[in-house]
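Trainee: need coordinates for the below:
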Amino acid sequence: MGTYLNPTNTAFKKALSSEIYIDKSMLIAYTNKVINSEHQNICISRPRRFGKSMAANMLTAYYSCGCDSKKIFQNLKISDCSDYEKHLNQYNVIHINMQRFLNRSESIQNMIKTLEKKIIRDFQKTGTDPSYLEDGLAFALEDIYADTGEQFVFIIDEWDCVFRVKQSNSEEQKIYLDFLRDLLKDQPYVALAYMTGILPIKKYGEHSALNMFDEYSMTNQGCLAEFTGFTEEEVNCLCDQYGMPFDVTKKWYDGYDLNGMSVYNPRSVVKAMTERTYDNYWTKTESYEAVKTYIEMNYDGLRNTLIELIAGERKQIDTTTFVNDMVTFKIQDDVLTLLIHLGYLGFDFNTKEVFIPNHEIRQQFISTVRVLGWNDVIHSIQLSNQLLEATLQMNEEKSCRYCGTDS
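Mentor: Down below sits the predicted model:
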C-alpha cells in the first residue's frame, strides 16, 4: 500500500530469494509474546551488516495489513507457532528508515516535518478522514485510535543515526528524542515499537526519554542473542553445504560471545561461502577511519591496552560509564565500549572482559596500527606469532629465543 504506512512485503521477499538465507523468523515469536504488553518497546543495537534491516523488513512483512504474507512465511519456523496466524498481517505498520530522512534534511526540525508529511500523505491515500490529519502525526494517531480502536506497529530502522551524524549537536539530539518520546511513550495506539541501530539509547539526563524500551545490545543481547548474527550450528550447516572447512571459518569470523552463545559475523560468512575464499569482507564495508580515529586518541592509555588485545589478551572493563554517543569519553573503558558496539571488539557479559573477536578484526587492527607507525607494536605482534608457532611445534629452542631466555 503506502511507502511508510502499511508497506508491502517486497523487501523481505528479496532476502528470501538470496542465495543464502538463514531463517530468523522465530524473532517474531518473541515480538508476538510481548505485543501489547509492558515489554512491547524493543530497541536492538548491533554493528552494521549484522542483519538489522533484514529483521525490520521481516517484521514489516509479517505484521503489515498492507500485504498478504501467508505464502512467504508458510515454510519458515514461525509458521509452526500456535499464534502465528493470529497476528499475521493484522496491524497497521509504520516503517521508517531514519537515515534516509536525515540524509535529505538540513536540520532535525526539517527531518521531522518531512517524516510526518510523508506518513500523513500515506494516510490520505487510504481515504482516512482529513480531519484526523490536521494537527500532526501523534495527534492523528491518537484520534484514529480513539474513534476506531486501531493500533499501530512501529518499525524504526537506523533510529540512532542522529547521534552518529550530528555527534556534537546536543540541541538537535534533544529535539529528536522529544519527538520519539511524544510519538511512542505511553501511547495506547502503540501495539509494538521495534527500533534498530548501532548505538544503544542515549543517556541524556532527563532526556533518557525512551526509558520504556527494553534494550538489547552487543554488551547484553539477552534472550535475543541467536538473532544477532549466525549461530555456530547455522555456520556449521553452511560449511557442509558449501564444502568449506568449519575450523577455518570459526577462526576468521567467530568470537562474538553473547551471553554464552557463539555468534558469527553474518556478512563475512555469507561472502566466504559464496566466494569460496576467506577474506576481510566485513571490515571492507566499514570505514577505516572509524577505528583509526579512536586509536589515534590514545585515550587514557588506550594504546597499551590495544597492544595487549592484539596479542590475544583480554581486559576487564566497565561498560556502564558509556553514555551511548560517539564523542563523550571520560575513561578508556568508554572508547572500548564504543568499539564493542561498532563490532570491532567482543565482550563477555559474564566476565566483563573485552577482546578482539576473530582473525578478520585482528587483521584490521594490525593494518591500522601499521599505518599509524606503531612499529614497536608490529614487532611485538610478530614475536607473539612466532612464539605461538614455535610452541605449537614444540620447538623449545625457538620458544626460549622468542621469550628472550636461555634454553
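Trainee: enumerate every residue touching the spatially most central residue of the chain.
Mentor: Residue closest to the mean C-alpha point of the chain, counted by CA atoms, centre = their mean, is R46 at 2.1 Å. Counting by CB atoms under 8 Å, 6 or more residues apart in numbering, R46 touches K52, T196, I198, S217, M218, Q221, T228, G229, G343. (C-beta placed from N, C-alpha, C; glycine too.)
Trainee: same question, Y256
Mentor: Taking CB under 8 Å, 6+ apart, we find Y256 in contact with M218, T228, G229, S262, V263, Y264, N265, G343, G346, P357.
Trainee: just list whatever residues bridge to it.
Mentor: Beta-bridge pairing of Y256 under DSSP bridges involves V263.
Trainee: and it, what's its pLDDT?
Mentor: pLDDT for Y256: 93.
Trainee: close enough to count as contact, G255 and P357?
Mentor: Yes: between G255 and P357 a contact is recorded at 2.8 Å, counting by CB atoms under 8 Å.
Trainee: can you list phi and psi of the residue nearest to the centre of the chain for me?
Mentor: The phi/psi pair for R46 (degrees, to the nearest 10) reads phi -160, psi 170.
Trainee: and it, how close does it get to L199?
Mentor: Separation of R46 from L199 (CB to CB, to the nearest Å) stands at 10 Å.
Trainee: please report the distance of R100 from S53.
Mentor: The gap separating R100 from S53 is 11 Å, by CB to CB.
Trainee: tell me where the model's unsure across this protein.
Mentor: Within the chain, the ranges that satisfy pLDDT under 70 run 1, 204-208, 285-290, 375-407.
Trainee: if you rank the contacts of R46 by neighbours, which is first?
Mentor: G229 (30 neighbours; other CB atoms under 10 Å).
Trainee: how about I20, what does it touch?
Mentor: L238, V270, M273, T274.
Trainee: among these, list the two that are farthest apart in space.
Mentor: Across those, the longest distance by CB to CB is 9.9 Å; it joins L238 and T274.
Trainee: which one of the two has more residues nearby?
Mentor: More crowded of L238 and T274, by other CB under 10 Å: L238, with 21 against 13.
Trainee: check contacts around that one.
Mentor: By CB under 8 Å, 6+ apart, the contact set of L238 is I20, F230, M244, V269, M273.
Trainee: quick check, it in a strand?
Mentor: No: checked against DSSP: H, G, I helix; E, B strand; the rest coil, L238 lies outside a strand; its state is helix.
Trainee: buried ones in the helix or strand hosting R164, by neighbour count?
Mentor: Element membership of R164 [criterion: DSSP states H and E] is helix 161-165. By neighbour count with 16 or more other CB atoms under 10 Å, helix 161-165 contains the buried residues C161, V162, F163.
Trainee: pick out whichever of these sits closest to I307.
Mentor: Closest approach to I307 among the buried residues of helix 161-165 (CB to CB): F163, at 30.0 Å.
Trainee: thinking the closest one is in contact with P200, fair?
Mentor: No: counting by CB under 8 Å, F163 does not reach P200; the two are 10.0 Å apart.
Trainee: can you map out the helices along the stretch 1-150 of the chain?
Mentor: Shown for the stretch 1-150 of the chain, the helices assigned by DSSP state H, counting those that start in this stretch span residues 10-16, 27-34, 52-63, 70-73, 84-87, 98-103, 108-125, 137-148.
Trainee: buried residues in the fourth one?
Mentor: Just to be clear, that refers to helix 70-73. I72, F73.
Trainee: can you list the residues that contact it?
Mentor: Residues outside helix 70-73 that contact it (CB under 8 Å, 6+ apart) are N9, F12, K13, L16, S25, A61, Y62, S79, Y84, E85, L88, N89.
Trainee: buried subset of those residues?
Mentor: Using 16+ other CB under 10 Å as the threshold, N9, F12, L16, S25, A61, Y62, Y84, L88, N89 are the buried ones among these.
Trainee: now do the contacts for the fifth one.
Mentor: A61 makes contact with T8, N9, A11, F12, K13, C67, S69, I72, F73 under the criterion CB under 8 Å, 6+ apart.
Trainee: setting aside sequence neighbours, what's the nearest residue to C239?
Mentor: Leaving aside its chain neighbours, C239 sits nearest to F246 (4.3 Å; criterion: CB to CB, 6 or more residues apart in numbering).
Trainee: what's the local residue count around the one you found?
Mentor: Considering only other CB under 10 Å, F246 is surrounded by 15 other residues.
Trainee: can you tell me how far it sits from Q363?
Mentor: Computed as CB to CB, the F246 to Q363 distance reads 20 Å.
Trainee: now do S268
Mentor: 12 Å.
Trainee: any chance you could map the strands in the stretch 201-350 of the chain?
Mentor: Remark: strands assigned in the stretch 201-350 of the chain by DSSP state E, counting those that start in this stretch are 214-216, 230-231, 256-258, 261-264, 315-316, 346-348.
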